[in-house]
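Fold the following, please.
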Amino acid sequence: MYRTKAYLLLLVWGCATGVWGITNNADLIWYEDSGEPHDYLARQPIPEGLITTRKIVVNQKFPILWQVRFAFFDNLETLVIDDCGVNDIKPNTFRDLKPLTNLSLSRNNLRELKEGVFNHVQIKNLNFSSNKISVIAARAFDNMPVLERVVLDFNELRQWSGEWFFNCTNIKTVSITHNFLEELPLKAFRNFWNEEDKEVDVYFSYNKIGRVDPTAFEGAKNFGDLFLDWNDMERINGHALGKLSSIRHLNLNGDSLQCLSEEFMSSVLNKTELLSLRENPLKCECFQELQMRAEKTHTEIEFSQQQTADC
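Alright, predicted model coming up:
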């Protein structure tokens with residue numbers, strides 16, 4: 001009983017170092033295991049259910065997220081800070097989080113993810129969708145051993161970096177759709193595979209990718225979904241993709257491909273289960289060659305009805 005009261009005092013009043021508990025300055029919604037929500041107003045008496053909750057939704061505007069003390073939420077699995085007007089996150093803000101399944105910072109005003117904000121943080125799923133992010137520090141996501149999924153859809157990124165996700169050995173899904181990426185640089189996925197034989201899903205749909213460096217896939221192994229659809233791709237480098245071990249679904253819909261190279265036909269098609277080529281201006285001879293190769297490799301290829309009708 002005494003220990004519980006001490007925890008509550010620390011949560012409300014912060015501590016001598018100036019690190020404040022989130023309940024000191026944030027209105028929240030917390031949830032029971034049954035899913036029933038409860039409103040909590042900052043600096044009010046703290047119900048015991050809040051200490052043991054698995055989900056917290058911050059319900060207040062915060063231009064800057066400073067270092068906040070989360071150390072007392074031992075059961076917390078989901079922390080939602082969506083649509084709170086956040087435009088900056090200070091380093092170590094999340095350092096006291098216990099291993100967390102979901103952290104969402106969607107629909108804020110973030111323009112940059114700085115080095116040190118998420119290093120060593122124990123989070124499985126990160127959501128930054130619908131911000132204004134145009135800059136991510138090279139070391140923004142270092143040493144996150146449980147990180148599996150990052151969503152950066154609907155931002156303003158123009159560059160992808162192979163430096164990201166250093167020592168994030170469990171990374172499995174990255175989604176950066178509806179941004180402004182222009183190329184896949186050298187060794188773009190160097191940190192995704194160590195010794196593990198795993199599948200990685202990458203979604204680059206609706207960007208402006210027109211160039212893929214010849215070494216972009218060096219060190220990469222198995223892709224589940226590799227989505228490069230609705231970009232500005234006029235050709236696919238068969239030598240680059242040929243280094244992969246397998247691709248479950250290669251999505252090239254809506255690009256500007258007139259044909260696929262011989263290197264692609266011979267080195268990539270046989271490693272791909274499903275190839276999507278809808279809404280590309282394929283030449284008839286290329287269309288027919290693909291159909292013939294698909295029969296030999298047992299690769300399923302999706303064409304649009306217009307492509308089929310024209311040839």
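
you'd agree residue 223 is up against residue 251?
No - contact between residue 223 and residue 251 fails when scored by CB atoms under 8 Å: they sit 10.6 Å apart. Where C-beta positions appear, they are placed from N, C-alpha and C, glycine not excepted.

what's the straight distance from one end of stretch 89-97 to the other?
One end of stretch 89-97 to the other measures 15 Å (CA to CA, to the nearest Å).

CA-only coordinates of stretch 167-182 in CSV, if you can.
Extracted C-alpha coordinates of stretch 167-182, given in CSV (Å, rounded to 0.1, in the frame of the first residue of the first chain):
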residue,chain,number,x,y,z
ASN,A,167,21.4,-3.0,-35.1
CYS,A,168,17.6,-3.3,-35.5
THR,A,169,17.9,-7.0,-36.0
ASN,A,170,14.1,-7.7,-36.0
ILE,A,171,13.0,-5.1,-38.5
LYS,A,172,10.5,-6.7,-40.9
THR,A,173,8.2,-4.0,-42.3
VAL,A,174,8.9,-0.4,-43.5
SER,A,175,6.2,1.6,-45.2
ILE,A,176,7.0,5.0,-46.8
THR,A,177,4.2,5.4,-49.2
HIS,A,178,3.0,8.8,-50.5
ASN,A,179,6.3,10.6,-50.0
PHE,A,180,8.8,12.1,-52.5
LEU,A,181,11.6,9.5,-52.6
GLU,A,182,13.6,9.9,-55.8
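
Just the buried positions in it, please.
168-169, 171-179, 181-182 (16 or more other CB atoms under 10 Å).

How far off centre is it?
In this view, stretch 167-182 has its centroid 5 Å away from the chain centroid, taken as CA atoms, centre = their mean, to the nearest Å.

what do you get for stretch 22-36?
26 Å.

which residues sit against it?
11-14, 37-43, 46, 49-50, 53-60, 62, 68-70 (CB atoms under 8 Å, 6 or more residues apart in numbering).

Mind checking which of those are in strands?
Members of those lying in strands (criterion: DSSP state E): 37, 38, 39, 40, 55, 56, 57, 58, 68, 69.

Which two among those are spaced furthest apart?
The largest separation in these, counting by CB to CB, is between 37 and 69 at 23.0 Å.

who has more neighbours, the two?
residue 69 (19 against 10; other CB atoms under 10 Å).

wait, what's in contact with residue 111?
Residue 111 makes contacts with 87, 131, 132, 133, 134, 135, 156, as judged by CB under 8 Å, 6+ apart.

if we can go back for a sec, compile the buried residues of stretch 167-182 into a markdown table and extend it with columns for secondary structure, pLDDT and distance to residue 93.
Shown next, in a markdown table, are those (DSSP: H, G, I helix; E, B strand; the rest coil; pLDDT from 0 to 100; distance: CB to CB, whole Å):
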| residue | secondary structure | pLDDT | distance to residue 93 |
| --- | --- | --- | --- |
| 168 | coil | 94 | 19 |
| 169 | coil | 91 | 24 |
| 171 | coil | 96 | 21 |
| 172 | coil | 96 | 25 |
| 173 | strand | 98 | 24 |
| 174 | strand | 98 | 22 |
| 175 | strand | 98 | 23 |
| 176 | coil | 98 | 23 |
| 177 | coil | 98 | 26 |
| 178 | coil | 98 | 26 |
| 179 | coil | 98 | 24 |
| 181 | coil | 98 | 27 |
| 182 | coil | 97 | 31 |
